[in-house]
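**Student:** Here's a sequence, model it:
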Amino acid sequence: MTTRENNNPLQNYARYTSIGIQMLVIILLGVFGGYKLDQYLGTLPLLTLILSFAGVTLAIYHAIKDLLKNDTKKSGKNKP
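**Tutor:** As a prediction, this is how the structure comes out:
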């Protein structure tokens, strides 16, 4: 691959967009799961808050892990 292909703006846009969508889905699943568990158990705000914070934490961890993985792949390709 040439240097121009590695720096394709559409590839970067797609990569960062997919990371953002993954973060949104993880957070929404945490909120939805917490809300439904609160409805089932009758503890309305408690599990929604806990699973919301857990979702945010997991989403940030996943995004950082994905960004670091992609950066090491990029830097490995450019080495002789």
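
**Student:** Which strands or helices does the helix ranked longest in the chain pack on?
**Tutor:** For the chain, the longest helix by residue count, based on DSSP state H, is helix 44-78. When contacts are defined as 3 or more Cβ pairs under 8 Å, 6 or more residues apart in numbering; DSSP states H and E, helix 44-78 packs onto helix 3-6, helix 9-41. From N, CA and C alone the C-beta is placed, and that goes for glycine too.

**Student:** How much space separates Ile50 from Lys74?
**Tutor:** Distance, Ile50 to Lys74, using Cβ to Cβ, to the nearest Å: 37 Å.

**Student:** Looking at those two now, which is surrounded by more residues?
**Tutor:** Neighbours per residue (other Cβ atoms under 10 Å) separate Ile50 from Lys74, with Ile50 holding more: 15 against 11.

**Student:** quick one, what contacts the more buried one?
**Tutor:** Applying Cβ atoms under 8 Å, 6 or more residues apart in numbering, one finds that Ile50 lies in contact with Gly34.

**Student:** can you count the residues close to the closest residue to Leu24 other than its chain neighbours?
**Tutor:** Spatial nearest neighbour of Leu24, chain neighbours left out: Ala59 (7.9 Å); criterion: Cβ to Cβ, 6 or more residues apart in numbering. Applying other Cβ under 10 Å, we find 21 residues neighbouring Ala59.

**Student:** Which pLDDT value belongs to Ala59?
**Tutor:** Looking at Ala59, its pLDDT stands at 97.
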